[in-house]
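> What follows is a protein structure lacking sequence information:
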């Protein structure tokens, strides 16, 4: 796995600021053809976005210009990341052996649902929590 920058160069200040604002929620976009879930913390990005892989499924999205993390990408979301049965899966950054400056941990919980709902609404329901723990 080759990354353009070391994980210690990525910044969490922008994400921290957004998390403190009331009413600002991550934007989930799922590409069913690629089976990739994109979670954007801001919808106003115009800079070039780069990915930094954390493990086989999770990568951070960061701005090229200032290395601020602006989102996450989950590969093989339906095929591998979601549990196969209706139960909760919790992904933690600390379990991956990776640490970020300014952050203690990230907890990302998902739960497969069997309810017959269209994909965007189902994905939103399957994401139970995305909680950064800033230092």
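Now that the structure is in, tell me what you want to look at. Quantities reported herein were computed from a predicted structural model and do not represent experimental measurements.
> Poorly predicted segments of the chain, please.
Counting by pLDDT under 70, the ranges of the chain that qualify are 1-3, 115-121.
> and residue 30, helix, strand or coil?
strand (DSSP: H, G, I helix; E, B strand; the rest coil).
> So for it, what's the nearest residue that isn't a sequence neighbour?
residue 123 (4.7 Å; CB to CB, 6 or more residues apart in numbering). Where C-beta positions appear, they are placed from N, C-alpha and C, glycine not excepted.
> Give me the secondary structure label for the one you found.
Classification of residue 123 using three-state DSSP returns helix.
> That one: neighbour count?
Counted with other CB atoms under 10 Å, the neighbours of residue 123 add up to 20.
> Contacts only, for it.
28, 30, 37, 77 (CB atoms under 8 Å, 6 or more residues apart in numbering).
> Give me the distance between the helix or strand containing the third one and the centre of its chain.
Pointing back at residue 37 there. Per DSSP states H and E: residue 37 is located in strand 36-40. A distance of 6 Å separates the centroid of the chain from that of strand 36-40, by CA atoms, centre = their mean, to the nearest Å.
> Begin at 412 from now on, thanks
Fine by me, first position is 412 from now on; the one you just mentioned is strand 447-451.
> isn't residue 545 right up against residue 429?
No: with contact defined as CB atoms under 8 Å, residue 545 does not count as touching residue 429 (11.2 Å).
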